[in-house]
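Student: Provided below for reference: sequence and predicted model.
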Amino acid sequence: MTIKALFFDIDGTLVSFRTHRIPQSTVRALTLAKAAGTRIYISTGRPVPFITNIGQIEHLVDGYITSNGAYCFVGSETVSCHEMATADVERILRSCDTHRRPAVVVGTRNIAVYRNEPAIDEVFRKGLGLEDFRFAPLEQVMAEPVLQVTPFLNPAQEAGLMAELPLCTSGRWTEAFTDITHRDADKGQGLLAVAAHEHIDLARTMAFGDGGNDISIIRAAGVGVAMGNADEQTQRSADFVTTSVDHDGIRNALLHYGIIGE
């Protein structure tokens, strides 16, 4: 069956952790796919203000799943938006106090840091290329609808916390932190919402990812593709495992499924 829509995670899938850029083979492959009539969507854990590293293909993008599915939009039209309960946000921040760990709090307009520590600079400013990003005061973000909280908790601490948050879900793609959203917000549910909005048959969708927060969309798509640099659980969840982001993984998968030609 012909694939009509492609959904791409950013970090480790579109963008190399090594070069912090999209490989030229990926740019060319997506350009060919778009010219053939295939729609292209972003599916990322990054909130909108953090999406600063896809300028090479931004003109090809038809819509976005952001904040792990908490906010999805096509053009200027909101497809879905899932706000977290204030009590849940406060419970997460209390856990950060208990474990003396920082968190990033994502509102609909602004983003704040709670318990600022060097890990924030190391992971977000250096690791994700957000050197010039200005965080807002926490009070300002807490006055907005909160879409996502990213506490720097280890998996055991996360498990204990999530047992107390039945209205939330958690998606981890790094040992450093996890992204917590409303339970109706993950990348897979984002794909369902966008596909329904765009009148795209789910069987004609293909999703790419490399981390734990991509498993839901890899499973929800008609075809799920894990990058060669993906963790073992993500690879096991996929229909196909391609090569790594730095070894033409997206191009090779699109060739494998006949979405583009040589």
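Tutor: Looks like it arrived, so ask away. The model shown is predicted, which means the values in this text are computed figures rather than measured ones.
Student: need the helices for the stretch 51-200 of the chain, in chain order.
Tutor: 86-99, 118-120, 138-142, 155-162, 187-198 (DSSP state H, counting those that start in this stretch).
Student: Report the helix or strand with the lowest average pLDDT across the chain.
Tutor: helix 118-120 (a mean of 89; mean pLDDT, DSSP states H and E).
Student: How far off centre is it?
Tutor: 20 Å (C-alpha atoms, centre = their mean, to the nearest Å).
Student: Same check on stretch 190-210?
Tutor: With C-alpha atoms, centre = their mean, you get 14 Å for stretch 190-210.
Student: same question, stretch 58-70
Tutor: That offset, for stretch 58-70, works out to 9 Å (C-alpha atoms, centre = their mean).
Student: repeat for stretch 112-129
Tutor: With C-alpha atoms, centre = their mean, you get 17 Å for stretch 112-129.
Student: what comes up buried for it?
Tutor: For stretch 112-129, burial by neighbour count (16 or more other C-beta atoms under 10 Å) applies to 112-115, 120, 123-124, 128-129. The way it works is simple: take the backbone N, C-alpha and C, and place the C-beta from them, glycine included.
Student: can you tell me the distance between the two ends of that stretch?
Tutor: In stretch 112-129, first residue to last residue: 17 Å (C-alpha to C-alpha, to the nearest Å).
Student: Next: stretch 74-92.
Tutor: 30 Å.
Student: again, but for stretch 70-79
Tutor: Across stretch 70-79, the terminal residues are separated by 10 Å (C-alpha to C-alpha).
Student: Stretch 28-41 now?
Tutor: Its start and end residues considered, stretch 28-41 measures 16 Å (C-alpha to C-alpha).
Student: residues in contact with that stretch?
Tutor: Residues from elsewhere that reach stretch 28-41 (C-beta atoms under 8 Å, 6 or more residues apart in numbering): 3-8, 57, 60-65, 194, 198, 200, 250-251, 254-255, 259-261.
Student: which of those residues count as buried?
Tutor: Taking 16+ other C-beta under 10 Å as the criterion, what is buried in these is 3-8, 57, 60-65, 194, 198, 200, 250-251, 254-255, 259-260.
Student: can you tell me which of the buried residues of stretch 112-129 lies nearest to Thr169?
Tutor: Tyr114 (19.9 Å; C-beta to C-beta).
Student: Show me what that closest one bridges to in the sheet.
Tutor: Ala103 (DSSP bridges).
Student: so how far is Glu58 from it?
Tutor: Using C-beta to C-beta, to the nearest Å, Tyr114 is found at 30 Å from Glu58.
Student: With Pro49 instead?
Tutor: From Pro49 over to Glu58 the distance is 15 Å, taken as C-beta to C-beta.
Student: now swap in Gly171 and tell me
Tutor: The value you get for Gly171 to Glu58, if C-beta to C-beta is used, is 24 Å.
Student: Same drill for those two, tell me which one is more crowded.
Tutor: Gly171 (22 against 10; other C-beta atoms under 10 Å).
Student: contacting residues for that one?
Tutor: Gly171 touches 45, 68, 178-179, 181, 186-187, 212-213, 216, counting by C-beta under 8 Å, 6+ apart.
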